[in-house]
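Novice: Structure for the following, please:
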Amino acid sequence: MKIDKKLIKELKDYLEEFDLSEIEYQDGNKKVKVARNKISSPIVTAHKPSLTSTKEESGTKITSPIIGTAYLAPEPGAKKFVEVGTQIKKGQTIMIVEAMKTMNHVPATSDGIIKKILVQDGQAVEFGQTLVLLK
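Specialist: Numbering: from 1, shown residues only. Presented below is the predicted three-dimensional model:
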């Protein structure tokens, strides 16, 4: 299969022109998808005091990398990525945060055991909000 560099360049230009994160083009059985990681501008948020005790907050925290909607499973009705007591490895997906129709996998930042899941499925989350605590 010959790669059409002109088509890829044109799709890349559309990404930039319309500020898209990905674009897909299909012509017959030929399908081309071009995507990019968009670096968002800094977001200013006010920090509110935590309503939970420090005892609950002990452990390794995994925080949300973006503002969006948290999903605990890859699709509705599917098995959750992790549950309390699950042994996880660094880099393993623990949940998805959807932002602007893009599903962003949230990886574990270290090995451990899930101590507490601090968000509900479908809950809106903020940048830096603690999603999970590890033992």
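Novice: so what are the domain limits for the chain?
Specialist: 5-35, 60-134 (automatic domain parsing).
Novice: In terms of mean pLDDT, which of those ranks lowest?
Specialist: Per-stretch mean pLDDT for the domains of the chain is lowest at domain 5-35 (a mean of 82).
Novice: Show me what counts as buried in it.
Specialist: Neighbour-count burial for domain 5-35, with 16 or more other Cβ atoms under 10 Å as criterion, is recorded at L11, L15, L20, I23, V34. Any C-beta I mention is one placed from the backbone N, CA and C, and that applies to glycine too.
Novice: Which strand residues bridge A35?
Specialist: E22 (DSSP bridges).
Novice: Please name the residues that touch it.
Specialist: Contacts here follow Cβ atoms under 8 Å, 6 or more residues apart in numbering; on that basis A35 touches L15, S21, E22, I23.
Novice: Just give the nearest non-adjacent residue to L11, would you?
Specialist: V34 (4.3 Å; Cβ to Cβ, 6 or more residues apart in numbering).
Novice: center of the chain, which residue is that?
Specialist: Centroid-nearest residue in the chain: N104, 2.5 Å away (criterion: Cα atoms, centre = their mean).
Novice: No further questions, thank you.
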